[in-house]
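Visitor: mind looking at a prediction? Sequence and model below.
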Amino acid sequence: MPAPPARTPLWLIDVPVVLVAVVWGSSYLAAKELATGATVAALLVIRFAVAGMGTAAFAGRDIARLGGRELRAGAALGGILALVLLLETYGVVHTSATNAGLIISLTMIFTPLAESAVTRTRPTGAFVGAAALSVAGVALLTQGAGFTAPSAGDLLMLLAALVRTAYVMATSRLKAIRSAPSGALTAVQFAGATAVFAAASAVTRTSPLSVAAGYTSAQWAGLLYLALACTLFAFFVQLWAVRRTSPSRVSLLLGTEPLWAAVIGIAAGGDRPGPLGLLGGALVLIGTTWGRTAVGRRPAPRPDRPAGPALPAQDSVNATDSSRS
């Protein structure tokens, strides 16, 4: 009887997820420089079309092997993903990057609560403490940069945090995608999201082609960064990681996003967080480090409950191929 495959060390899963937090932290500044209220949907069409073509180039054969259920599930995830990005991008346009970073980080609280509700279990006290410490750190971090009164953009970011939680949970629990290659599933999601963005662009009567034609070379560089690093790389890693660990662990690591947004803002945007901001950044790092040990891998399911998403053997190969993009 062959030995079971070795499990991926947790730190090898954590490092790419933290890198996603870094590029997402940088996306606030990039989006601010590119988007306006009138061009959000058109910008997202271009961003996801570029990312989708990059994914399809590496996962074309796997896409052809997907069945109807997998295609429908991938398209549904793409719809949720589109809603997250629309809310986030409109939110960033209509609020400060500081407020956006604080509010979107609430995903790391919403996710374990949602996971506990679905599995009818309670999060450990250590995880609750780690998450609370991280959120307190985010509050200090953003307060140090200056917290403004709630706005429509703040409410949009709060909705984005809730929908992002739904996306992480759906990715983890949809049975139809358990055997689907990660690269192919990501391509289907991007196609579904692009269709939603195109419909939104038509409603706002803003042509993606006209927006693209008006971009300078510097703006195109920013757009390609959003498409390839903040979209293609980031969402593939999230999908890859959440199927090898737990939604709570992934969400907690992604919760460092506001810290990286502040670091990049200081280095590239001239922000000055002050003493409270520096203290908040330290608390975020302490909280996420503590949470990594508290959450660990998803525990084995009880006999009377269905198992979580399995990792098919073929998927490790496809994940490696797709990650090269």
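Guide: Yep, that arrived. Residues are numbered from 1 along each chain as shown.

Visitor: just the helices in the stretch 101-250 of the chain please.
Guide: Assigned by DSSP state H, counting those that start in this stretch, the stretch 101-250 of the chain shows helices spanning 107-119, 125-145, 152-173, 182-204, 208-213, 217-227, 234-242, 247-254.

Visitor: and the ones you listed, which is most packed in?
Guide: helix 247-254 (a mean of 27; mean count of other C-beta atoms under 10 Å). No exception for glycine: its C-beta is placed from N, CA and C like everyone else's.

Visitor: quick one: average confidence on it?
Guide: For helix 247-254, the mean per-residue pLDDT is 79.

Visitor: surely residue 276 touches residue 137?
Guide: No: the criterion here is C-beta atoms under 8 Å, and residue 276 misses it with residue 137 at 10.3 Å.

Visitor: remind me which residues of the stretch 201-325 of the chain are low pLDDT?
Guide: Applying pLDDT under 70 to the stretch 201-325 of the chain flags the ranges 269-271, 273, 292-293, 295-325.

Visitor: which parts of stretch 277-284 are buried?
Guide: Neighbour counts over stretch 277-284 (16 or more other C-beta atoms under 10 Å) mark 277, 279-281, 283-284 as buried.

Visitor: for the helices of the stretch 101-250 of the chain, which one sits closest to residue 69?
Guide: Closest of the helices of the stretch 101-250 of the chain to residue 69 is helix 182-204, at 11.7 Å (criterion: C-beta to C-beta).

Visitor: what is that closest one packed up against?
Guide: Secondary-structure packing of helix 182-204 (3 or more C-beta pairs under 8 Å, 6 or more residues apart in numbering; DSSP states H and E): helix 40-65, helix 68-94, helix 234-242, helix 313-323.

Visitor: confidence-wise, which of those is weakest overall?
Guide: helix 313-323 (a mean of 29).

Visitor: next one: the helix or strand hosting residue 29 to chain centre, how far?
Guide: Secondary structure assignment for residue 29, by DSSP states H and E: helix 10-34. Distance of helix 10-34 from the chain centroid (C-alpha atoms, centre = their mean, to the nearest Å) equals 8 Å.

Visitor: try stretch 53-65
Guide: Mean-position distance between stretch 53-65 and its chain equals 21 Å (C-alpha atoms, centre = their mean).

Visitor: okay, buried residues for it please.
Guide: Going by neighbour count (16+ other C-beta under 10 Å), the buried part of stretch 53-65 is 54-56, 58-59, 62-63.

Visitor: just the buried residues of stretch 277-284: which are in helices?
Guide: Counted as lying in helices by DSSP state H, out of these, are 277, 279-281, 283-284.

Visitor: now render those residues as TSV, adding distance to residue 168.
Guide: TSV is the format used below for those (distance: C-beta to C-beta, whole Å):
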residue	distance to residue 168
277	27
279	29
280	24
281	24
283	23
284	19
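
Visitor: which among those gets closest to residue 10?
Guide: Nearest member of those to residue 10, counting by C-beta to C-beta, is residue 284, at 19.5 Å.
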